[in-house]
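Trainee: Pasting the sequence and the predicted model now:
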Amino acid sequence: MSHSHEPPVPPGNTSPYPTHEPPHVHPAPLPPKAKRPPALSGDGLPVGAIVGAAVAAGALAFGAAALFMARRDAGKKKRRGKKRR
């Protein structure tokens with residue numbers, strides 16, 4: 001008895017799909033693209049680097065302000081006075 005990984009198929013059974021792929025036609029290769037320099041700003045840095053640095057500086061300033069405010073409020077004692085109506 002032979003061991004096969006495919007189940008037995010009746011002889012008259014045909015697939016509605018092709019069993020083999022047709023040969024592929026390969027188009028001519030595209031010509032190489034000319035390399036162009038990255039978009040430059042006035043000082044010679046790519047625009048993406050400038051935007052990234054600005055976002056990083058903003059995030060750093062925001063984090064420093066949040067840390068400063070948290071430490072500033074931690075040292076103060078809350079006023080306990082008369083309740084306001």
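Mentor: Alright, I've got the coordinates.
Trainee: Just give the number of residues close to residue 5.
Mentor: 4 (other CB atoms under 10 Å). Every residue, glycine included, has its C-beta placed from N, CA and C.
Trainee: meant to ask about residue 50
Mentor: For residue 50, using other CB under 10 Å, the count is 13.
Trainee: try residue 13
Mentor: Quick note: residue 13 (other CB under 10 Å) scores 6 neighbours.
Trainee: Check the secondary structure at it for me.
Mentor: Secondary structure state of residue 13, per DSSP: H, G, I helix; E, B strand; the rest coil, is coil.
Trainee: Same question for residue 59.
Mentor: Per three-state DSSP, residue 59 ends up helix.
Trainee: Kindly give the local confidence score, pLDDT, for it.
Mentor: Looking at residue 59, its pLDDT is 96.
Trainee: Please apply the same query to the one 3 residues further on.
Mentor: The pLDDT attached to residue 62 in the predicted structure is 96.
Trainee: sec struct for it, please.
Mentor: Residue 62 is classified as helix under three-state DSSP.
Trainee: ditto for residue 52
Mentor: Under the three-state scheme (three-state DSSP), residue 52 adopts helix.
Trainee: tell me the mean pLDDT over stretch 10-21?
Mentor: Confidence for stretch 10-21, expressed as mean pLDDT, is 80.
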